[in-house]
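In: how does the following fold in three dimensions:
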Amino acid sequence: MKRKSTLTAKILLGLVLGAIFGIILSKLPSSYIKDTVIINGLLRLSGGLFINSIKMLVVPLVFVSLVSGATSIGDPKQLGRVGIKTLSFYLLTTCVAITLALIVGNVINPGIGLDLSSIIKHKATIGSSKPLVDVILDMVPENPISSLANGNMLQIIIFALLLGISMALLGEKSKPVVNFINSLNEIMMKMVMLIMVIAPYGVFSLIAKTFATVGFAAMVPLLKYMFAVLLGLFIHATFTYMGMLSTIGKLNPLQFFKNFAPAMSVAFSTATSSGTLPVTIETVEKRCGVSRNIASFTLPLGATINMDGTAIMQGVAVIFIAQVYGIHLTLQSFLTVILTATLASIGTAGIPSVGLITLSMVLQSVGLPIEGIALIMGIDRLLDMTRTVVNITGDAVCTILISKSEKEFDKEVYYKKNNDEELVS
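Out: This next block holds a predicted model:
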């Protein structure tokens with residue numbers, strides 16, 4: 001825990017120092033030392049190495065994570081009612097989350113006021129003239145190896161999901177390959193954490209280069225971006241989740257927040273839904289009245305594939321980065337973002353900061369520059385902690401609703417006054 005908090009402090013320090021250094025550079029007169037040696041030399045080199053490290057991880061991480069996530073669902077033949085309900089809830093709410101994020105982003109327009117279009121020659125690559133039928137056909141790869149080599153993310157997602165489901169259907173016969181994929185997934189997660197070690201220096205260089213180019217003008221859009229993400233998370237948690245809990249479950253949302261508060265606090269402090277899983281299971285069972293039989297299935301599955309908070313961040317980030325770089329996104333682009341982010345949620349691991357890696361995949365799907373991640377990385381830790389709370393809240397609400405529908409819910413426990421004592425006993 002200490003190492004994670006230290007890394008967070010370093011990233012925030014890198015953001016602040018980078019912004020200060022960049023603003024100072026912007027005030028200095030143009031010179032060989034400033035322009036060539038510092039901005040286009042040292043800052044470009046160190047920042048570029050960090051961005052390239054992220055790009056390096058995208059394809060293998062997404063592929064391996066999706067295959068691993070699909071195999072963890074289990075045998076689809078044996079999922080039954082609970083499995084179908086759980087998967088439907090998770091995919092539906094993720095689709096709602098990303099749609100909500102795009103709406104909030106377009107209303108607030110967080111990237112307006114910061115123009116970086118002059119420093120790139122990049123335009124969105126998804127063609128607005130391409131028929132929707134061709135887009136759907138193009139999702140299925142003719143050559144999966146070519147898709148992996150070219151980084152065609154939708155094709156990679158489809159192939160990875162089919163491969164993972166096929167492995168799950170085979171059961172014991174595919175066990176060696178499943179174990180290999182799971183081990184490879186752990187390796188990729190470790191690589192993510194290794195790359196994050198250099199994040200403070202990458203953030204410093206990239207933010208300094210940005211502020212040296214545009215000056216203090218970058219600060220307001222960043223604050224608007226943070227507000228848009230937090231607003232999207234708040235709306236999704238209070239209206240989508242609590243709306244379903246009160247209308248479908250006929251339960252008091254305020255009581256839910258009271259019961260689920262311990263798990264929320266752990267999720268906020270650790271920024272990892274997977275690491276919070278033991279506390280989430282215990283809290284939902286002892287304070288929310290859910291049977292362990294239901295919780296032991298829906299919650300681990302949710303920690304694997306239900307990442308609504310991450311999807312909201314990705315949706316707002318797409319709007320922010322597109323506006324910053326002056327790139328117009330079509331309706332087709334938005335539909336692609338919704339589809340990609342929803343499917344990618346299956347492969348988003350429940351560990352800190354991995355959402356930024358999968359964000360690069362969503363950006364690639366609509367041809368946006370991955371370099372835009374640098375603008376938001378420094379402030380992402382706070383947002384990461386908040387969206388993790390939303391992630392596990394969705395898992396818990398799903399578990400409660402399914403438990404009620406399966407008549408394995410204890411209403412008396414849900415409204416019990418001494419739930420605090422029950423949790424620690």
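
In: could you use CA atoms for every contact and neighbour count after this?
Out: OK.

In: residues touching the residue lying closest to residue 414 once chain neighbours are set aside, list them.
Out: Distance criterion CA to CA, 6 or more residues apart in numbering; nearest residue to residue 414, sequence neighbours excluded, is residue 288 at 4.3 Å. By CA atoms under 8 Å, 6 or more residues apart in numbering, residue 288 lies in contact with 256, 259, 260, 400, 410, 411, 413, 414, 415.

In: check the most centrally placed residue in the chain and give its pLDDT.
Out: When CA atoms, centre = their mean is applied to the chain, the residue found nearest the centroid is residue 310 (2.9 Å). We note a pLDDT of 85 for residue 310 in this prediction.

In: how about residue 173?
Out: 87.

In: would you mind measuring from it to residue 166?
Out: According to CA to CA, to the nearest Å, residue 173 and residue 166 sit 11 Å apart.

In: can you give me the mean pLDDT across the host helix or strand of residue 23?
Out: Remark: residue 23 resides in helix 2-27, with elements defined by DSSP states H and E. Averaging pLDDT along helix 2-27 yields 74.

In: report the next helix or strand after it in sequence order.
Out: Proceeding N to C from helix 2-27, the next assigned helix or strand is helix 32, under DSSP H and E.

In: that older thread, who has more neighbours out of residue 173 and residue 166?
Out: Taking other CA atoms under 10 Å, residue 173 and residue 166 do not tie; residue 166 has more neighbours (17 against 11).

In: show me what the host helix or strand of the more buried one is packed against.
Out: Here residue 166, judged by DSSP H and E, is contained in helix 153-170. Judged by 3 or more CA pairs under 8 Å, 6 or more residues apart in numbering; DSSP states H and E, helix 153-170 is in contact with helix 44-72, helix 76-108, helix 144-150, helix 331-344, helix 354-365.

In: including mean neighbour count, could those go into a markdown table?
Out: Putting the helices and strands packed on helix 153-170 into a markdown table (neighbours: other CA atoms under 10 Å) gives the following:
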| stretch | mean neighbour count |
| --- | --- |
| helix 44-72 | 21 |
| helix 76-108 | 19 |
| helix 144-150 | 14 |
| helix 331-344 | 21 |
| helix 354-365 | 24 |
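
In: TSV please, covering the ones you listed and showing mean pLDDT.
Out: Formatted as TSV, the helices and strands packed on helix 153-170 follow (pLDDT from 0 to 100):
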stretch	mean pLDDT
helix 44-72	77
helix 76-108	82
helix 144-150	85
helix 331-344	80
helix 354-365	75
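
In: a markdown table for those helices, including distance to residue 187?
Out: Converted to a markdown table, those look like this (distance: least, CA to CA, whole Å):
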| stretch | distance to residue 187 |
| --- | --- |
| helix 44-72 | 9 |
| helix 76-108 | 26 |
| helix 144-150 | 19 |
| helix 331-344 | 19 |
| helix 354-365 | 13 |
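
In: quick one: buried residues of the helix or strand following the helix holding residue 166?
Out: Under the assignment DSSP H and E, the closest C-terminal helix or strand after helix 153-170 is helix 175-197. Buried residues in helix 175-197, defined by neighbour count with 16 or more other CA atoms under 10 Å: 178, 181, 182, 184, 185, 186, 188, 189, 192, 193, 196.

In: helix 175-197 to helix 153-170, inter-axis angle?
Out: With axes from the mean of the first three to the mean of the last three CA atoms, to 10 degrees defining the directions, helix 175-197 sits at 140 degrees from helix 153-170.

In: excluding its backbone neighbours, what's nearest residue 34?
Out: Leaving aside its sequence neighbours, residue 34 sits nearest to residue 25 (CA to CA, 6+ apart; 7.2 Å).

In: and the gap between that neighbour and residue 41?
Out: Separation of residue 25 from residue 41 (CA to CA) stands at 14 Å.

In: which of the two has more residues huddled nearby?
Out: Each of residue 25 and residue 41 has its neighbours counted (other CA under 10 Å); residue 25 has more, 21 against 13.

In: that one contacts residue 43, doesn't it?
Out: No. Counting by CA atoms under 8 Å, residue 25 does not reach residue 43; the two are 11.7 Å apart.

In: rewinding a little: so which of the helices and strands packed on helix 153-170 gets nearest residue 265?
Out: Closest approach to residue 265 among those is made by helix 354-365 (20.0 Å; CA to CA).

In: what packs against that closest one?
Out: Against helix 354-365 (3+ CA pairs under 8 Å, 6+ apart) you get helix 44-72, helix 153-170, helix 308-324, helix 331-344, helix 373-377.

In: and the longest one, how far from the chain's centre?
Out: Relative to the chain's own centre, helix 44-72 is displaced by 13 Å; criterion: CA atoms, centre = their mean, to the nearest Å.

In: next, the angle from it to helix 331-344.
Out: Using the same axes, to 10 degrees: helix 44-72 against helix 331-344 is 60 degrees.

In: and what of the third one?
Out: With the same axes, to 10 degrees as the criterion, the two stretches helix 308-324 and helix 331-344 enclose an angle of 150 degrees.

In: kindly report the same for the second one.
Out: Helix 153-170 runs at 30 degrees relative to helix 331-344, counting by the same axes, to 10 degrees.

In: put the alpha carbons of helix 153-170 into PDB.
Out: Below are the C-alpha coordinates for helix 153-170, written out as PDB (Å, rounded to 0.1, in the frame of the first residue of the first chain):
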ATOM      1  CA  MET A 153      -8.600  -3.400 -32.000                       C
ATOM      2  CA  LEU A 154     -12.200  -4.400 -32.800                       C
ATOM      3  CA  GLN A 155     -10.900  -7.400 -34.700                       C
ATOM      4  CA  ILE A 156      -8.600  -8.300 -31.800                       C
ATOM      5  CA  ILE A 157     -11.500  -8.100 -29.400                       C
ATOM      6  CA  ILE A 158     -13.800 -10.300 -31.400                       C
ATOM      7  CA  PHE A 159     -11.100 -12.900 -32.000                       C
ATOM      8  CA  ALA A 160     -10.000 -12.900 -28.300                       C
ATOM      9  CA  LEU A 161     -13.600 -13.300 -27.100                       C
ATOM     10  CA  LEU A 162     -14.300 -16.200 -29.400                       C
ATOM     11  CA  LEU A 163     -11.000 -17.900 -28.400                       C
ATOM     12  CA  GLY A 164     -11.800 -17.500 -24.700                       C
ATOM     13  CA  ILE A 165     -15.300 -18.800 -25.100                       C
ATOM     14  CA  SER A 166     -14.100 -21.700 -27.100                       C
ATOM     15  CA  MET A 167     -11.600 -22.600 -24.400                       C
ATOM     16  CA  ALA A 168     -14.300 -22.300 -21.800                       C
ATOM     17  CA  LEU A 169     -16.500 -24.700 -23.800                       C
ATOM     18  CA  LEU A 170     -13.800 -27.300 -24.000                       C
END
